[in-house]
Each structure stands twice: as C-alpha cells, then as structure tokens.
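>>> Compute the structure for the input listed below.
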Amino acid sequence: MNTIEKKRKRKNSKKAAELFRRSRWLVDVICRYKKISFEEINMEWKISRLNDDKEDIPLRTFHEHKKAVKVILDIDIKCEKDGFKYYIENPDDMMKDAVGDWMQYALLSKNQKCETEIKKPRKSNKTSTERLFLRYAWLVAVIYSYRNDDGISFSEIKQKWGDSILNDDEDDIPSSTFNEHKKAVNAMFEIDIICNKRNGNKYYIEYPEDMMKDKVRNWMLYALFSKNLKCENAKMDM
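So this is what the prediction gives:
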C-alpha cells in the first residue's frame, strides 16, 4: 500500500469516527429530551466535549447529521410541526430490545443464512462509511466474545475474519489494517483494545462489563447491522 493510499484510509477512518460520535451524540440528546427544539440542540452542542471551539451548530450541519442517522442507521429523527420539536419514536423500547443484540449479527459466519445489503463498491471507489462501521463493530464483537478466554490472538482474529459474513471480498486482514481498526474503535466507540504481551500477545477489551451499559451506542450498532444484513437464525449463544 503506497503513502497516498494510507493517507486516504486514515482520512476516511477519521471522518467515519467523527460522524459516528456526532450521530451518537445527537441521538443521545434527543432521547434524553424526548422532544427538543433546534435551539435546545444548539445549546447542548455548545457545551459538548465534541465541540472543541464551543461554536454554534449550523442548521445545515444539523440536517446533514440528521440525514446521516437516517441513511446509515435507519433511525428516523422526526419533526413535530407544532413547535418544531425533534423526536425519535419509542426510543426506550428500541434500546431495550437492542442492547447486545448487534453482536449476534456481527458474529455471523458464512455458513449461516444471511445476505448483505451493502453493495460492493468498485475498486476505484472509496470504502463506504457503512463498511467501516461494520468492520470496526465486528472487531469489537469478536474480541468481546473471547472475554472469558483471556483474549484472542491476531492469527485467530484473521481466521475469524476469513469466515465472517462481512468479508464478502474474501480478503485478508493485514496487521497494519488491524492496528488502524484498533485505533478507530477507540476513537469511534471509546473502547480500548489492549494487547497482553505476557499472555502470547492476546487481545482483550478493557472493562468489557461497561460495554453493555451504553444503550444508545448498542442501539445504533444494532440499527446498523439490522439495516445492512438480512438474516435468518441470527441468534447464537454469547
């Protein structure tokens, strides 16, 4: 991989991480308020830790984030015309059903009945944001599934990727790509993947018990997988 290709991949990864964090923030704010005006959203944005400059959020940017939440995650942020309040229908019910369920999709193998809805981009095209989201989430799910086995080695991760339903290009996962994904997981999901060099260089997730507590993140990941995968018999033991 040449230098230009590496820079492009890092740029795409950074954009994807920023988009997910901002989308997660927006969904979380709307869920907390139940119904919220754009002015109130702007007030929340000005004190958000994601807003380093503490600037207002332009209305155009807000609508771009709103559209991204719908297109990528299929989560519909609606507007109540009477008072122009934004809301999400029944978020508590959806979050309750979604906690942890996205991992069931992420860990599906090719021998299970499942069809991907993501169209393969031509080689000249950039990797889609959805593909990046799915790959990062897959890595988290695989490592998390080994939480009771003292972690998982890189060679085992490569084997898992070879059998993953998401690996429709039948490609390998180089160590450089793995390390980039590991950094992106931290930037996007705030999840630390640690390497235990004293235990055969096995990877594990720091504080795995905290993962299930973030209902908004789990709901968004569930929405991402359920939108992009049509599956039968998706349930498995975790």
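>>> Run through the strands of the chain in chain order.
36-37, 78-80, 85-87, 114-116, 193-196, 202-205, 229-231 (DSSP state E).
>>> Name the residues that touch the third one?
Residues outside strand 85-87 that contact it (CB atoms under 8 Å, 6 or more residues apart in numbering): 30, 34-38, 41, 66, 77-80. Every C-beta, even on glycine, is put in place using the N, C-alpha and C of the backbone.
>>> neighbouring strands for that strand, and are they parallel or not?
strand 36-37 (antiparallel), strand 78-80 (antiparallel) (DSSP bridges).
>>> Out of these, which is closest to residue 5?
strand 78-80 (40.5 Å; CB to CB).
>>> for the closest one, which positions count as buried?
For strand 78-80, burial by neighbour count (16 or more other CB atoms under 10 Å) applies to no residue.
>>> Any chance you could list what contacts it?
Residues contacting strand 78-80 (CB under 8 Å, 6+ apart): 35, 85-89.
>>> Count the residues that sit near the closest residue to residue 46 other than its chain neighbours.
When the adjacent residues along the chain are set aside, residue 46 lies closest to residue 54, with 5.5 Å between them (CB to CB, 6 or more residues apart in numbering). Look at residue 54: counted by other CB atoms under 10 Å, it has 9 neighbours.
>>> Report pLDDT for residue 54.
In this prediction, residue 54 carries a pLDDT score of 88.
>>> pretty sure residue 66 is touching residue 29, no?
No: counting by CB atoms under 8 Å, residue 66 does not reach residue 29; the two are 11.9 Å apart.
>>> The residue nearest to residue 46 and residue 42: what is the separation?
With distances taken as CB to CB, to the nearest Å, residue 54 is found 11 Å from residue 42.
>>> picking up where we left off before, mind picking the two most distant members of the contacts of strand 85-87?
That would be 34 and 66, which, of those, are the farthest apart (CB to CB) at 16.7 Å.
>>> per-residue pLDDT, the residue with the largest distance to the centre of the chain?
Relative to the centre of the chain, the most outlying C-alpha is that of residue 82, 33.3 Å out, by CA atoms, centre = their mean. For residue 82, the pLDDT comes out at 82.
>>> Which secondary structure elements does the longest helix along the chain sit against?
Under DSSP state H, the helix in the chain containing the largest number of residues is helix 3-33. Here helix 3-33 touches helix 38-46, helix 59-73, helix 91-98, helix 129-145, helix 175-189, helix 215-228, going by 3 or more CB pairs under 8 Å, 6 or more residues apart in numbering; DSSP states H and E.
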